[in-house]
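S.K.: Please find the sequence and the predicted model below.
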Amino acid sequence: MSGTRARTARIPGSKSLTNRALLLAAAADGTSELTAPLLSDDTVAFRQALIDLGVGVEVRDDRWTVTGLGRAPRAGAAVWCADAGTAARFLPVLAAAGEGEFHFDGSDQLRARPLGPLTRALVELGARVETGDGGGLPLHITARGLAGGELTLDSSVSSQYLTGLLLSAPLMREPLTVAAQGLVSRPYIDMTTALMRRFGAQVGIDAEGRLRVERGGYTGTGLRIEPDASTASYVFAAAAVTGTAVTVPHLGKDSLQGDLRFAEVLARTGAEVEIGPDATTVTGTGRLSGGFDVDMGDISDTFMTLAAVAPLADGPITVHGIRHARFKESDRITAIAANLRAGGIRVEEGEDRITVHPGRMAPTEIACHRDHRIAMAFSVLGLRTPGITLDDPDCVAKTFPGFHEELTRLFGPQASFPAPAR
């Protein structure tokens, strides 16, 4: 298959990089230009939230110019986070590092997502925080600046709590040292600290393995946003199951995104993977090798991509280390298992794992739970399984509004997923 001519996929910018860079640029002294940022529901919500906090953002074509505050916000604001978990977990820390009264709220889906470890940390650092009935949104923060110092943080549910604290740590009164207990998704922390250094922060690890951030703020800079590696997982998997080759340019071995490691997981299924200096190509055979167990704890946003196509393999596939995926836009382990079972596939699940057995998926309407990754993962299975429909195909707009069109361009009309008739 190595001689197969590769199709070039048009993958939009990384959501994780876009929203982290937006916050860093907002806090920086000076102007930053972000090239090729992701334009999606989540990033627009994050961008608007920063504007509401007093940050200047100018949008021109594929460039966003951010005029930084050079500090944390000093005027209160009401901030709507929509469905964006990064907004709900990053921006309250930025506000708490400033001064004023701040109110954060979001959709019912976002209100259901946990915030306890973050809000407890903010109180310990000196903020006054009032939460909703479930301990999450809406949040009301009375900010007088954050002290810094030493902190122990439960990071077993999400790495985003730690990321939120790290991003605003240079704005605190003293250096911040964090012991992250049970840390999941470590590559996202590596991404965060790399970006912080790009904007001038001093971040290190002490002798006890704790992260330490010095105070001192940020300096504006220019940054090109890489294509989203999590989103690329769908076209890579599609290449594997259809026996074609797909290249994603500008996503290579120096990527800041841990989710590019999904390509290495695909190699275990028999796909040919080439990760070059500035591009990654996956060439499939149309057949998947199964019979293996893989820890995807560090790349849990991509476990659904593998689980959704696992029925096509020649043996069972087990994914483990993914307990924290139960606390995303949906309980992703249960949601994937239920959808596969609805199509007649044998599935076993545990607290932190899922095993999918080979089988032919019957025509099934997929329950997306307003979760973009469920919709995109089962769209890939639909390339090989007639009769797959999505109850909410438009939920992909959270991270990739043009997903269905791009899949159709690459793989033909069988990749089209209109809403089912009602």
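M.R.: Sure, I can see it.
S.K.: Can you tell me the SS state at residue 290?
M.R.: coil (DSSP: H, G, I helix; E, B strand; the rest coil).
S.K.: Kindly report the same for residue 354.
M.R.: On the basis of three-state DSSP, residue 354 is classed as strand.
S.K.: and stretch 96-112, which residues are buried?
M.R.: 96-100, 102-107, 110-111 (16 or more other CB atoms under 10 Å). From N, CA and C alone the C-beta is placed, and that goes for glycine too.
S.K.: Kindly report the same for stretch 132-145.
M.R.: 136, 137, 138, 139, 140, 141, 143, 145.
S.K.: which residues are contacting it?
M.R.: Stretch 132-145 has contacts (CB atoms under 8 Å, 6 or more residues apart in numbering) with 72, 81, 88, 92, 95-106, 110-116, 119, 122, 126-131, 172-173.
S.K.: Contacts for stretch 405-415 next, please.
M.R.: By CB under 8 Å, 6+ apart, stretch 405-415 touches 7, 9-11, 234-235, 238, 242, 244, 246, 379-380, 382-383, 386, 400, 404, 416.
S.K.: wait, I meant stretch 96-108
M.R.: 53, 71-84, 87-88, 91-92, 95, 111, 122, 125-127, 129, 137-146, 168, 171-172.
S.K.: cool, and stretch 248-256?
M.R.: Applying CB under 8 Å, 6+ apart, the external contacts of stretch 248-256 come out as 8-9, 11, 17, 190-191, 194-195, 224, 226-227, 229, 232, 235-236, 257, 260, 275-281.
S.K.: and those residues, which are buried?
M.R.: Buried among the contacts of stretch 248-256 (16+ other CB under 10 Å): 9, 11, 17, 191, 195, 226-227, 229, 232, 235-236, 257, 260, 275, 279-281.
S.K.: Just the ones of those residues in helices?
M.R.: In helices, defined here by DSSP state H, the members of the buried ones among the contacts of stretch 248-256 are 17, 191, 195, 229, 232, 235, 236.
S.K.: and which of those residues is nearest to residue 203?
M.R.: residue 195 (9.9 Å; CB to CB).
S.K.: Might one say that that closest one is in contact with residue 21?
M.R.: Yes: taking contacts as CB atoms under 8 Å, residue 195 lies within contact range of residue 21: 6.2 Å.
S.K.: tell me the pLDDT at residue 371?
M.R.: Residue 371 carries a pLDDT value of 96.
S.K.: Equivalent analysis for the one 4 residues further on, please.
M.R.: According to the per-residue confidence, residue 375 scores 97 in pLDDT.
S.K.: Can you give me the neighbour number for it?
M.R.: Counted with other CB atoms under 10 Å, residues neighbouring residue 375 total 26.
S.K.: Would it be right to say that it lies in a helix?
M.R.: Yes: under three-state DSSP, residue 375 sits within a helix.
S.K.: wait, doesn't it sit right on residue 392?
M.R.: Yes: Residue 375 lies in contact with residue 392 (CB under 8 Å); the separation is 6.6 Å.
S.K.: before we move on, the earlier item: which two among the buried residues of stretch 96-112 are spaced furthest apart?
M.R.: Pairwise distances across the buried residues of stretch 96-112 peak at 28.0 Å for 99 and 107 (criterion: CB to CB).
S.K.: Show me the strands in the stretch 1-150 of the chain, by range?
M.R.: Listed in chain order, the strands of the stretch 1-150 of the chain (DSSP state E, counting those that start in this stretch) span 7-8, 31-35, 56-60, 63-67, 77-80, 99-105, 128-130, 139-144, 149-154.
S.K.: Minimum distance to residue 290: which of these has it?
M.R.: Closest among the strands of the stretch 1-150 of the chain, using CB to CB: strand 7-8, at 25.5 Å.
S.K.: All set, thanks.
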